[in-house]
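Student: give me a model of this one.
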Amino acid sequence: MPRRNRPGRPKRARPDARPLGSGFGFSQVEPGPDGDWLVRTVPAAQATKMYRCPGCDHEIRPGVGHIVAWPADEYGSVEDRRHWHTGCWRGHRRRGPKRSWQDRR
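Tutor: Next up, the predicted model:
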């Protein structure tokens, strides 16, 4: 018997979602104690570079989905954007960024 493709529930657009540009998807504004942040998820298929997570100081390898965040009052320049593991971003308000080994010298 052939499979039926049934339409699911329509997705509602978030009122605080803002487009970043073509191919980048949407960013969301997330308030925090240290100010508002623009946050965008990067799917695993689009993760092609290696980054270092400021939450755990471990590498985010290519092919791993993660979060990109930058202050909402900035335009998202390369200096302001930070790539976080999804779990590290969820807990960053409790822990804050970790100092890297290079900073401890």
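Student: so where is the chain shaky, pLDDT-wise?
Tutor: 1, 6-25, 74-76, 95-105 (pLDDT under 70).
Student: doesn't V64 fall inside a strand?
Tutor: No. Counting by DSSP: H, G, I helix; E, B strand; the rest coil, one finds V64 to be coil, located in no strand.
Student: that one: neighbouring residues, count only.
Tutor: A count of neighbours around V64, defined by other C-beta atoms under 10 Å, yields 15. (Each C-beta comes from the backbone N, C-alpha and C, glycine too.)
Student: for it, give its distance to D80.
Tutor: Per C-beta to C-beta, to the nearest Å, V64 is found 22 Å from D80.
Student: again, but for R90
Tutor: Using C-beta to C-beta, R90 is found at 20 Å from D80.
Student: how many other residues sit next to E30?
Tutor: If you count neighbours by other C-beta under 10 Å, E30 ends up with 15.
Student: what pairs with it across the strands?
Tutor: On the basis of DSSP bridges, E30 is bridged to W37.
Student: list the contacts for it?
Tutor: Going by C-beta atoms under 8 Å, 6 or more residues apart in numbering, E30 touches 36-39, 69.
Student: drop anything exposed from those residues.
Tutor: Buried members of the contacts of E30, scored by 16 or more other C-beta atoms under 10 Å, are 37-39, 69.
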